[in-house]
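Quick one: sequence plus predicted model below, questions after.
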Amino acid sequence: MKSGKTIYIVLAFLVTFSTVNATSPDWGATGHRTIGKIAEDYLKVKTKRKIAELLNGQSLALVSTFGDDIKSDKRYREFYTWHFVNMPFGVSYQDSEKNKDGDLVTGIKKCKEVILNVNTNKEDKAFYLKLLVHLMGDLHQPMHVGRKEDKGGNTFQLQWFDNGTNLHSVWDSKMINHYNMTYTELAENADKITKEQVKYLQNGTIEDWVNETQTFAIKAYESAEIGENLRYNYMYENFGLVRSQLQKGGIRLAKLLNELFS
Ligand code: ADE
Ligand code: ZN
Ligand code: ZN
C-alpha cells in the first residue's frame, strides 16, 4: 500500500514537472539535436577528436539541449538573454540598439572566446562548448530573431490544429513534431548539397547570419494572423524553411567548431 502511494506521488510529480518544462524549449529537443547531428558530418578529424575529449565522448546531438536544461535554473540567469536577439525589422544587427544583458551574437562570441582562451579549464570549456552548440541552433530559428514587442512571437497567440499555442512555439517545435521524424531521420534526410554549396553557406559572420535569419522572421510573421488556426497548409508552406534552417545551423556550427579546434 505504502509503495503504491509512493509511486502515485512520484507520478504526480513527474507529470507536473514535465508540464512546466514543456513551456519554452526553443527549437525543441528534436530541432537542436538535428543541428548537432548534421554538424558532426562536417567536422574535421582533429575537431572531432578534441570535442570527444572535452565532452567525454558525448555527441553534439546529446549536448545540444544543454542551453535549455539550464535555462530555468536561477544559477544560470545571466545566460537567459543569450538565446535570442530582437532587432526592429529592417534594421541590421550592427545598426540596432543592443541588449545590455547580452544576446545571441554576444553570447556566441563569448563562448568562442572562453573556449579559445588557453587559461580556461576543461570543465568551463565543456560548459561553453555545449552552450555554443545550443546557441548556434537558436540563431537559425526565425522566432529567436523576432520582434521584441511580442517576445519573439511568444505572445502571438494562435491555434495549431485546433489547440491554443503561439507563433514562437509553432516554429520551435509544433511543425517539427507534426512531421514525426526522429532527429537522426531529419539529419539523414537533409537535402543533398555540393561542397560549393556548403562553402557558400559557411561564408559570413555571426552578424550576417543573424541578419539573414531576420529576413525569415519577417516571412514567418507574415505567414500567420493572430488567432488563426494553422493546419496542414501551414506545414506545406513553411516546413521547407524549417528543414533548410536546421541544415544551415548544422553546417555553420561545424564551421565554427573547425575554426576553434583545428
Ligand atoms: N524568448 C524569450 N524572450 C524572447 C524574445 N524577446 N525574443 C525571442 N525569443 C524569446
Ligand atoms: Zn524558442
Ligand atoms: Zn535556446
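Arrived safely. Ligands and ions are numbered 1, 2, ... in the order given.

What's the local residue count around whatever residue of the stretch 101-250 of the chain ends up closest to ligand 2?
The nearest approach of the stretch 101-250 of the chain to ligand 2 comes at residue 172, 4.2 Å away (C-beta to the ion). In short, each C-beta sits where N, CA and C put it, glycine included. By other C-beta atoms under 10 Å, the residues close to residue 172 number 27.

what's near enough to touch the closest residue in space to it that isn't next to it in sequence?
The shortest distance from residue 172 to any non-neighbouring residue, by C-beta to C-beta, 6 or more residues apart in numbering, is to residue 28 (5.2 Å). By C-beta atoms under 8 Å, 6 or more residues apart in numbering, the residues touching residue 28 are 172-173, 176-177.

Please indicate which of the residues you listed are buried?
The neighbour-count test (16 or more other C-beta atoms under 10 Å) marks 172-173, 176 as buried among the contacts of residue 28.

Mind checking the pLDDT average for the strand or helix carrying residue 256?
Residue 256 is part of helix 232-261 when elements are defined by DSSP states H and E. Averaged over helix 232-261, pLDDT sits at 98.

Check stretch 187-197 too.
98.

again, but for stretch 83-97
When pLDDT is averaged along stretch 83-97, the result is 98.

hmm, that stretch in reach of ligand 2?
No: under the criterion of C-beta under 5 Å from the ion, stretch 83-97 makes no contact with ligand 2; the nearest approach is 7.0 Å.

Can you list the low-confidence ranges for the stretch 1-150 of the chain?
1-25 (pLDDT under 70).

got the residue ranges for the helices in the protein?
In the chain, the helices defined using DSSP state H lie at 2-21, 28-40, 45-54, 60-63, 66-69, 104-116, 122-138, 167-169, 175-179, 183-188, 195-202, 206-222, 232-261.

can you redo those as TSV with distance to residue 79?
Shown next, in TSV, are the helices of the chain (distance: least, C-beta to C-beta, whole Å):
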stretch	distance to residue 79
helix 2-21	17
helix 28-40	15
helix 45-54	19
helix 60-63	15
helix 66-69	7
helix 104-116	7
helix 122-138	7
helix 167-169	19
helix 175-179	24
helix 183-188	23
helix 195-202	26
helix 206-222	17
helix 232-261	18
